[in-house]
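*Asks:* Okay, here's the prediction I keep looking at, along with the sequence it came from:
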Amino acid sequence: MEALLTESQVSEKLQVTLACLRSWRLRGDGPQYIKVGPLVRYRIVDIENWLAALPTGGNGHRFSVRSVPRRKLAIPA
């Protein structure tokens, strides 16, 4: 039988608050979970798969502030 992690264990491993993890779950953004009666549990493999699917960054390039188009607001005179 594979080990199941509690919400607290997962939030600690991901270094996010319990509220953040619960918010992700309610929005469908977080790792897959299973319900054991009223309890929420996570499989380690599901957490690893979720992490692997997240976008990565850090290529060293930054957006130029001037490259972002700005809309001019109409101000009544």
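*Replies:* Perfect, I can see it now. Numbers count the residues shown, from 1 in each chain.
*Asks:* What are the boundaries of the helices in the chain?
*Replies:* In the chain, the helices defined using DSSP state H lie at 7-14, 18-27, 44-53.
*Asks:* Just name the most buried of those helices.
*Replies:* With neighbours defined as mean count of other CB atoms under 10 Å, those peak in mean count at helix 7-14, which reaches a mean of 15. Quick note: C-beta positions are derived from backbone N, CA and C, even for glycine.
*Asks:* Mind giving me the packing neighbours of that one?
*Replies:* Helices and strands touching helix 7-14, by 3 or more CB pairs under 8 Å, 6 or more residues apart in numbering; DSSP states H and E, are helix 18-27, strand 39-43, helix 44-53.
*Asks:* I'd like those written out as TSV, with distance to E7 added.
*Replies:* Putting those into TSV (distance: least, CB to CB, whole Å) gives the following:
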stretch	distance to E7
helix 18-27	6
strand 39-43	6
helix 44-53	12
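*Asks:* looking at these, which is closest to Y33?
*Replies:* strand 39-43 (5.2 Å; CB to CB).
*Asks:* So which bits of the closest one are buried?
*Replies:* V40, R41, Y42, R43 (16 or more other CB atoms under 10 Å).
*Asks:* Could you list the alpha-carbon positions for it in PDB?
*Replies:* C-alpha atoms of strand 39-43 as PDB (Å, rounded to 0.1, in the frame of the first residue of the first chain):
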ATOM      1  CA  LEU A  39     -10.500  13.200   4.900                       C
ATOM      2  CA  VAL A  40      -8.500  14.700   2.100                       C
ATOM      3  CA  ARG A  41      -5.300  12.800   1.300                       C
ATOM      4  CA  TYR A  42      -2.600  13.100  -1.400                       C
ATOM      5  CA  ARG A  43      -0.500  10.500  -3.200                       C
END
